[in-house]
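J.: structure here, sequence nowhere to be found:
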C-alpha cells in the first residue's frame, strides 16, 4: 500500500478491510494475520495517544452506563478474539442482542442496551451498539440481561427460555446455538483459567449499575491471572475500596492470594442503604481506596508509575502492608501484561 493509504487507515479515515477490497492493499500469505496486524497497529496508536494524554483530567474511553452483567461476558469475548482469531473463524455469524431489565417478557419495546457480535468481519468485532455500517444481522435476540447470563454461564437451556416466552428471536433461530457454542469454546479454552472465578462472581453478586469500575475490574482480573505469581503476595489480601464522586465508600473488591502468590479467591461487596460495611481482615493486607473514576484511569491509561503518582497526588489512599505498592504498580502497566498474554 502507499504511505497515504497507511495514514488513512491509522487515523480512521479508511477501513482496513475496505481498502483491501478496493485493491489499494495487497496481501501475500495468510490474510487473517494481516487483519490481526491491523488490530495491533490500532492498539499501538491508541496506547500512544493515551501516553500523550495521561495528565488530562478528562477521559474519552468507551465507558458506558448502565452496567449490566452481560457486559462482563461480552468484554471477555472481545479480549479473547483480539488474541485468538481462530475463535472467529470457527463460528461465523452476525447477531444483534437487545437486552432488557426487569421481569417483563420480551416485546418490541426499546432495549436498555444493544450488543452486536460480528464474527464475519475480518478478525471479528464485538461492540455495544446496533450493527455498524447498515449491516443486517443474521438474527436479532431480545432477552433480559439476567436470562442471557444464565444461558451463557450454562445455568439455563435457551430453548426452555424460548418456550417460556422469555426469549424472542427474529431471523435464524439456530444462531442462538452458535452463540452458545462460541461462548463455550471460550470457557473451555486453556487460556481462560480465570473463568470459573469470574463465573462465580457474576452469579453470586449484585453489581452497582452506575459504577463503570464494576465491569472494568474484570479487565484487571484477566491481567492478574496471566502475570507470574509473586512471593511478596504470599498469603496476602489486596483490597480495593471504590468511592463515589463525594468520597463515600460504595464497593469493596478483595483479592485473596495463596501461599504461592496466586489469586485464591475474590470477594465483592456493595453498599446497602448508602453504607458500605468493610470486611475485617486478619492476614497481612493492603487497602487501596480510590474513586470509581480513578480506578478506570488506572486500568485504561498506560504509563509507568501512574499508580505511585496517584498516591502522591492524594487521589489514592493506601493503608496496610506498604511494601506491596511496588508489586501493585506493575498491575497497571498494560503493555507489560499484553506482551505476556500474547506469548501464552
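T.: Arrived safely. The structure presented is a predicted model; accordingly, all values stated were derived computationally and were not measured.

J.: next, give phi and psi for residue 239.
T.: phi -120, psi 130 (degrees, to the nearest 10).

J.: state the pLDDT value of the residue nearest to the spatial centre of the chain.
T.: Residue closest to the mean C-alpha point of the chain, counted by Cα atoms, centre = their mean, is residue 75 at 3.4 Å. Looking at residue 75, its pLDDT stands at 87.

J.: for it, which non-adjacent residue is spatially closest?
T.: residue 215 (6.2 Å; Cβ to Cβ, 6 or more residues apart in numbering). Any C-beta I mention is one placed from the backbone N, CA and C, and that applies to glycine too.

J.: tell me which helix or strand the one you found sits in.
T.: Using DSSP states H and E, residue 215 sits in helix 213-224.

J.: tell me if the residue nearest to the centre of the chain really is in a helix.
T.: Yes - counting by DSSP: H, G, I helix; E, B strand; the rest coil, residue 75 is found in a helix.

J.: please enumerate the helices of the stretch 51-200 of the chain.
T.: Ranges of helices within the stretch 51-200 of the chain are 69-83, 85-90, 145-152, 158-163, 175-188, 195-204, based on DSSP state H, counting those that start in this stretch.

J.: would you turn those into TSV with distance to residue 285?
T.: Below are the helices of the stretch 51-200 of the chain laid out as TSV (distance: least, Cβ to Cβ, whole Å):
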stretch	distance to residue 285
helix 69-83	25
helix 85-90	37
helix 145-152	31
helix 158-163	42
helix 175-188	31
helix 195-204	19
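
J.: and those, which one's lowest on average pLDDT?
T.: Among those, helix 85-90 scores lowest, at a mean of 70.

J.: can you give me the domain boundaries for the protein?
T.: Per the record, the chain has its domains at 3-50, 69-188, 194-332, by the TED database.

J.: what helices and strands are in contact with the helix holding residue 215?
T.: Under the contact criterion of 3 or more Cβ pairs under 8 Å, 6 or more residues apart in numbering; DSSP states H and E, helix 213-224 touches helix 69-83, helix 195-204, strand 249-257, strand 263-270, helix 292-300, helix 325-331, helix 334-343.

J.: so which of the ones you listed is nearest residue 162?
T.: Proximity to residue 162, assessed across the helices and strands packed on helix 213-224 by Cβ to Cβ, is greatest for helix 69-83 (17.5 Å).

J.: what helix or strand is the nearest residue to residue 293 once chain neighbours are set aside on?
T.: The shortest distance from residue 293 to any non-neighbouring residue, by Cβ to Cβ, 6+ apart, is to residue 245 (7.3 Å). Taking DSSP H and E as the definition, residue 245 sits outside all helices and strands.

J.: what's near enough to touch residue 291?
T.: 242, 243, 244, 245, 247, 315 (Cβ atoms under 8 Å, 6 or more residues apart in numbering).

J.: any idea which element the fifth one lies in?
T.: By that I understand residue 247. Residue 247 belongs to no helix or strand when assigned by DSSP H and E.

J.: repeat for the first one
T.: Residue 242 is part of strand 237-243, with elements assigned from DSSP H and E.

J.: of all the helices of the stretch 51-200 of the chain, which one comes closest to residue 122?
T.: Using Cβ to Cβ, these put helix 85-90 closest to residue 122, at 8.6 Å.

J.: what's the end-to-end length of stretch 118-134?
T.: 13 Å (Cα to Cα, to the nearest Å).

J.: list the buried residues of that stretch.
T.: Within stretch 118-134, the residues that qualify as buried are 118, 119, 121, 122, 123, 124, 125, 126, 128, 131, counting by 16 or more other Cβ atoms under 10 Å.

J.: chain center to it, what's the gap?
T.: Offset of stretch 118-134 from its chain centre (Cα atoms, centre = their mean, to the nearest Å): 16 Å.

J.: ok, stretch 216-224 next?
T.: Centre-to-centre, stretch 216-224 and its host chain are 8 Å apart (Cα atoms, centre = their mean).

J.: now do it, average pLDDT.
T.: Taken as a whole, stretch 216-224 has an average pLDDT of 90.

J.: give me the contact list for it.
T.: Contacts for stretch 216-224 (Cβ under 8 Å, 6+ apart): 63, 72, 75-76, 79, 194, 197-198, 240, 253, 255, 263, 266, 295-296, 299-300, 331, 334, 337, 341.

J.: try it again at 6 Å.
T.: 72, 194, 253, 296, 299, 337 (Cβ atoms under 6 Å, 6 or more residues apart in numbering).

J.: of these, which is the most crowded?
T.: Using other Cβ atoms under 10 Å as the neighbour test, the contacts of stretch 216-224 are led by residue 72, with 23 neighbours.
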